[in-house]
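S.K.: Using only what follows, build the 3D model:
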Amino acid sequence: MNILSLRYFSVLMLLLVFLSVGNAAKAGQASQKDGTLIVNVTWGDLDNTPANDVYVEAYGTVPKGDSRKSFVLKMSHDGQYEASLSPGVYDVFISEGTSAPRCKRLLIRAGMPTYWPLKLKIDEVYLNR
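M.R.: Predicted structure coming up:
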């Protein structure tokens, strides 16, 4: 009877160890999950018309390899630009031919969206040439 109890106890302990190792691995993966950067760009007119053909770039440190990289955001629909990014701090640059360029530092969190609503402003240099 003692040997049988010891065998059940050993199997139970092995199961607990395997379950805890599996949960720790999942927790590590969840912390590395990408976040989403969404930039909504409008012309800044009275109707807040979505701005197309805008260049949006995020520049930041990527945890994998600990290097600095640049990501160009793609337009998902009129005036909305987005990209999936590793968690971290990014400098986001926005440029459009007739508008003043803009930059903002944003924190991207794992598994969460980060939003930047932006109204473009006419570039005075462009007007005065």
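
S.K.: which stretches of the protein form strands?
M.R.: For the chain, the strands defined by DSSP state E occupy 35-42, 55-62, 67-72, 74-77, 80-85, 88-96, 99-108, 113-119.

S.K.: quick one: average confidence on the third one?
M.R.: Strand 67-72 shows a mean pLDDT of 91 in the predicted model.

S.K.: What pairs with that strand, parallel or antiparallel?
M.R.: The pairing partners recorded for strand 67-72 under DSSP bridges are strand 55-62 (antiparallel).

S.K.: Would you pull up how far the partner strand lies from the middle of the chain?
M.R.: Centroid separation for strand 55-62 versus its chain: 10 Å, with Cα atoms, centre = their mean, to the nearest Å.

S.K.: what does it contact?
M.R.: Contact with strand 55-62 is made by 37, 39, 41, 67-73, 81, 83, 85-86, 88-96, 106, 108, as judged by Cβ atoms under 8 Å, 6 or more residues apart in numbering. The C-beta positions use only the backbone N, C-alpha and C, and glycine is treated the same way.

S.K.: are any of those buried, and which?
M.R.: By neighbour count, with 16 or more other Cβ atoms under 10 Å, these hold 37, 39, 41, 71, 73, 81, 83, 85-86, 88, 90, 92-94, 96, 106, 108 as buried.
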